[in-house]
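**Student:** sequence and computational prediction follow.
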Amino acid sequence: MRSVPWLSVLIPMYNVAPYLRECLDSLLAQWQAGVEVVLLDDASTDTTAALAATLCAQHPGKLRLLRHAHNTGIAAARNTLLQAAQGEFVWFLDSDDKLLPGALARLRTCLAQHDPDLVLCDFRTFREGGRLKDRLRDRRRKSSFSGPAHRAGTDRQALLRHVLQAGQLHPWSKIARRTTWTRVLFPEGRTFEDIATIMPLLHGVRRWVHIPEAWVGYRVRADSIVHAPSGRSMADLVLSLRDLHAAVVREPDCRADRALCTALDRFCLHRLSAAALWCCRTGQAVPLDMPALLRGMYPQGAAGALDRVGRWGWLRRARKVRYRIRRAGWLDGATG
């Protein structure tokens, strides 16, 4: 009888031939029994699929390769990988990133010590070349959680609050039980799908722990969606922020947790401000009815939310956000 892997590492791939070997080498260097690595090529147009097949042949029993016949996007690729995963826990890893040394061993130790449904890890950025300021920044650990570390928690309101305060909602810093991940559906056809997905994931968590160690190396790429936005990607960002906001306010007693509401407003308004700034600088519009969308998120008016976060130590930023979204034409009488 075949034993169940204790971990599935899921890696979606699309046109990442220059980075894939480094990603998989970082994982294979610390591979251990009971870990399955599942790759999915989302109909790449470069040599990604061929390289992945070669690496699978070189490491039999360690890598499993799946393929999409047509390109469906990162969200659909992650959904397919979740359906294929067999491990007790699931860890997503982007194919241009890498696992830092010792990450798998530290994860297994954490699971044995705390028996959590969710482990939150930290990360470091890395890039080729760059300015001295960027290289110094890359040395610093980026935290995915603002609360207590090395201690199992069970208060989901605190979990939501500390995740939002840290502002890092990517799935690769959230290692969760497969039964928890499979309750989540990534919104297919959209970018910034992680923002819409993390809160439903956290909703199913009963016990969690944060390990303040960098286990993932996040590659900063000039051609990424974050650094090369478009009208469509900005619309996807706004829709994911809407979904995130709705998921949090549905939580029982959310409105009574002032710190949670403030963290939610800060996270959403900060990113709405970035989208508004992009519209102002490029002269392009987000193809959505933004006043109506903001009314849905803030029935009492976005201005009220800006006032609240301003009172909690964010006054200068709140004024900047208000200026940007007004300049982008996103405020009307009901939301202003």
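**Tutor:** All right, it came through fine.

**Student:** hang on, Cys280 in a helix?
**Tutor:** Yes. Counting by DSSP: H, G, I helix; E, B strand; the rest coil, Cys280 is part of a helix.

**Student:** burial of Val249, as a residue count?
**Tutor:** For Val249, the count of nearby residues is 13 (other CB atoms under 10 Å). No exception for glycine: its C-beta is placed from N, CA and C like everyone else's.

**Student:** hang on, isn't it packed against Arg255?
**Tutor:** Yes. Under the criterion of CB atoms under 8 Å, Val249 makes contact with Arg255 at 7.4 Å.

**Student:** which other residues reach stretch 76-86?
**Tutor:** 4-5, 8, 10-14, 36, 38, 40, 42, 64, 66, 68, 90, 92, 171, 178, 181-182, 184-186, 188-189, 193 (CB atoms under 8 Å, 6 or more residues apart in numbering).

**Student:** ok, now with 6 Å
**Tutor:** 5, 8, 10, 12, 38, 40, 42, 178, 181-182, 186, 188 (CB atoms under 6 Å, 6 or more residues apart in numbering).

**Student:** give the buried residues for that stretch.
**Tutor:** Neighbour-count burial for stretch 76-86 flags 76-82, 85 (criterion: 16 or more other CB atoms under 10 Å).

**Student:** then stretch 59-79?
**Tutor:** Buried residues in stretch 59-79 (16+ other CB under 10 Å): 62-63, 65-66, 68, 72-79.

**Student:** His210 looks like it's in a helix, true?
**Tutor:** No. His210: not assigned to a helix; according to three-state DSSP it is strand.

**Student:** quick revisit: just checking, which of the buried residues of stretch 59-79 belong to strands?
**Tutor:** 63, 65-66 (DSSP state E).

**Student:** could you dump those to JSON lines with pLDDT?
**Tutor:** Output for those, formatted as JSON lines (pLDDT from 0 to 100):
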{"residue": "Leu63", "pLDDT": "96"}
{"residue": "Leu65", "pLDDT": "97"}
{"residue": "Leu66", "pLDDT": "98"}
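
**Student:** I'd like the residues you listed written out as JSON lines, with distance to Trp278 added.
**Tutor:** What follows is those, written out as JSON lines (distance: CB to CB, whole Å):
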{"residue": "Leu63", "distance to Trp278": "38"}
{"residue": "Leu65", "distance to Trp278": "37"}
{"residue": "Leu66", "distance to Trp278": "35"}
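
**Student:** now, which of those sits nearest His245?
**Tutor:** Leu66 (33.7 Å; CB to CB).

**Student:** if I pick the closest one, what's in contact with it?
**Tutor:** Counting by CB under 6 Å, 6+ apart, Leu66 has contacts Leu40.

**Student:** can you map out the helices along the stretch 101-250 of the chain?
**Tutor:** For the stretch 101-250 of the chain, the helices defined by DSSP state H, counting those that start in this stretch occupy 103-114, 132-138, 156-166, 178-181, 193-203, 231-249.

**Student:** buried residues in the last one, which are they?
**Tutor:** Okay, so that is helix 231-249. Buried residues in helix 231-249 (16+ other CB under 10 Å): 231, 233-245, 247-248.

**Student:** report all helices and strands that that helix contacts.
**Tutor:** helix 193-203, helix 258-282 (3 or more CB pairs under 6 Å, 6 or more residues apart in numbering; DSSP states H and E).

**Student:** which of those helices is buried the deepest?
**Tutor:** helix 193-203 (a mean of 22; mean count of other CB atoms under 10 Å).

**Student:** that one versus helix 258-282: what angle between them?
**Tutor:** 170 degrees (axes from the mean of the first three to the mean of the last three CA atoms, to 10 degrees).

**Student:** in PDB, list the C-alpha atoms belonging to stretch 16-35.
**Tutor:** Taking C-alpha atoms only, stretch 16-35 is exported to PDB below (Å, rounded to 0.1, in the frame of the first residue of the first chain):
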ATOM      1  CA  VAL A  16      10.000  30.200 -17.400                       C
ATOM      2  CA  ALA A  17      12.800  28.300 -19.100                       C
ATOM      3  CA  PRO A  18      15.500  30.800 -17.900                       C
ATOM      4  CA  TYR A  19      14.500  30.300 -14.200                       C
ATOM      5  CA  LEU A  20      13.100  26.800 -13.900                       C
ATOM      6  CA  ARG A  21      16.400  24.900 -13.300                       C
ATOM      7  CA  GLU A  22      17.400  27.200 -10.500                       C
ATOM      8  CA  CYS A  23      13.900  26.800  -8.900                       C
ATOM      9  CA  LEU A  24      14.000  23.000  -9.100                       C
ATOM     10  CA  ASP A  25      17.700  22.700  -8.000                       C
ATOM     11  CA  SER A  26      16.800  24.600  -4.900                       C
ATOM     12  CA  LEU A  27      14.100  22.100  -4.100                       C
ATOM     13  CA  LEU A  28      15.900  18.900  -5.100                       C
ATOM     14  CA  ALA A  29      18.900  19.900  -3.000                       C
ATOM     15  CA  GLN A  30      16.800  19.400   0.100                       C
ATOM     16  CA  TRP A  31      14.300  16.800  -1.200                       C
ATOM     17  CA  GLN A  32      13.400  14.000   1.200                       C
ATOM     18  CA  ALA A  33      11.200  11.000   1.300                       C
ATOM     19  CA  GLY A  34       7.500  11.800   1.600                       C
ATOM     20  CA  VAL A  35       7.600  14.900  -0.600                       C
END
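
**Student:** no further questions, thank you.
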